[in-house]
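1. Coordinates only, no sequence provided:
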């Protein structure tokens, strides 16, 4: 059985790499190129749409797991319909601009289908007390899924950031799932491992300097899968919700701080901009690679240990999550999240 698992995972990574190569050549031949403009964080025209390879590889692997009865059908059904819709509207946006109204409509519809497929949103633990949100939880769940979905799109603005963040969250969430389940492999962990290998094959094309971008189809798809799998994991063990929230702290902090500040400043949230902290950091360091390196360091040295602490239930999950966010929010605000102009973050970092 182990050999079957490993074979599917390996084939998933290889197929993702090969499909990305084909899409790269197709994009070059057909001029499917992301041309830099005043709102871009890149300076070189780059093919886009490579993330379609991740999506295709992911669905083929999920189908294989279902055929070999390695994953129950209900664990897949809840994800397939919504993720296909999200990826499709993102793909149309990659080909030609789709209004934010239509994109959000599809996002909310997909999230609603998922939540109502589950019948309810899981209960959450706060300081040892289980909170049952009842029907209001369904509303919260829908908005939660739509927000995580969109923040992956917002944060996919420099080479490799969204890909590497997704890989980290997959690894971290699987580790936390194993701990919380006393070494047992959860269904959510299987889905995340499939996603991990789907992204892994694409990553060599996307690490700085990127040869091809993933595009809105894949960034939205990743956000939808991440958010919905986190809900599934919470149903399996509700302590895992705080593990997920902690693992996603960099993306949630930057995207949320930027959105709130732009709203308070009367800025339109539908117009593309370069006011995220990670975009300012890329300008400051003059390198996408350096920013990605620092994000990896924050994830591995700070957020992963804290999420593991939550999984072991050493301390209250909500409290640990709160502690995790304090320095991350400080950093994203130090890098001017939400501001069009940006001043140096003093001597916190040394340029390379």
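-> Noted; the coordinates are in hand. Given the structure is predicted, the values throughout are model-derived calculations rather than measurements.
2. end to end, how far does stretch 117-124 reach?
-> Start to finish, the residues bounding stretch 117-124 are 19 Å apart (CA to CA, to the nearest Å).
3. Buried ones in it, by neighbour count?
-> By neighbour count on 16 or more other CB atoms under 10 Å, the buried set for stretch 117-124 is 118, 121-124. (C-beta placed from N, C-alpha, C; glycine too.)
4. Nearest to residue 230, out of those: which one, please.
-> Minimum distance to residue 230 across those is 9.8 Å, recorded for residue 122 (CB to CB).
5. ok, which stretches of the chain are helices?
-> 2-29, 52-67, 73-95, 100-118, 134-154, 161-180, 187-206, 215-236, 240-247, 249-264, 277-285, 288-298, 304-311, 317-334 (DSSP state H).
6. Run the angle between the longest one and helix 215-236 for me.
-> Taking axes from the mean of the first three to the mean of the last three CA atoms, to 10 degrees, one finds that helix 2-29 is oriented at 160 degrees with respect to helix 215-236.
7. go on, the fourth one?
-> Angle between the axes of helix 100-118 and helix 215-236 is 30 degrees (criterion: the same axes, to 10 degrees).
8. again with the second one
-> Using the same axes, to 10 degrees, the direction of helix 52-67 lies 40 degrees away from that of helix 215-236.
9. which helices and strands does helix 52-67 pack with?
-> The contact analysis (3 or more CB pairs under 8 Å, 6 or more residues apart in numbering; DSSP states H and E) places helix 52-67 against helix 2-29, helix 73-95, helix 187-206, helix 215-236.
10. try the first one
-> With contacts defined as 3+ CB pairs under 8 Å, 6+ apart, helix 2-29 has these neighbours: strand 46-47, helix 52-67, helix 187-206.
11. Which stretch among the ones you listed is buried most, on average?
-> Neighbour counts (mean count of other CB atoms under 10 Å) averaged over each of the helices and strands packed on helix 2-29 peak at helix 187-206, with a mean of 23.
12. what's that helix packed up against?
-> Using 3+ CB pairs under 8 Å, 6+ apart as the contact test, the elements touching helix 187-206 are helix 2-29, helix 52-67, helix 73-95, helix 161-180, helix 215-236.
13. what's the angle from that helix to helix 161-180?
-> Angle, helix 187-206 to helix 161-180, by the same axes, to 10 degrees: 150 degrees.
14. Of the buried residues of stretch 117-124, just say which sits nearest to residue 337.
-> Minimum distance to residue 337 across the buried residues of stretch 117-124 is 26.6 Å, recorded for residue 124 (CB to CB).
15. circling back: least reliable of the helices of the chain going by mean pLDDT?
-> Per-stretch mean pLDDT for the helices of the chain is lowest at helix 73-95 (a mean of 83).
16. What distance do you get for residue 141 to residue 30?
-> As judged by CB to CB, to the nearest Å, residue 141 and residue 30 stand 39 Å apart.
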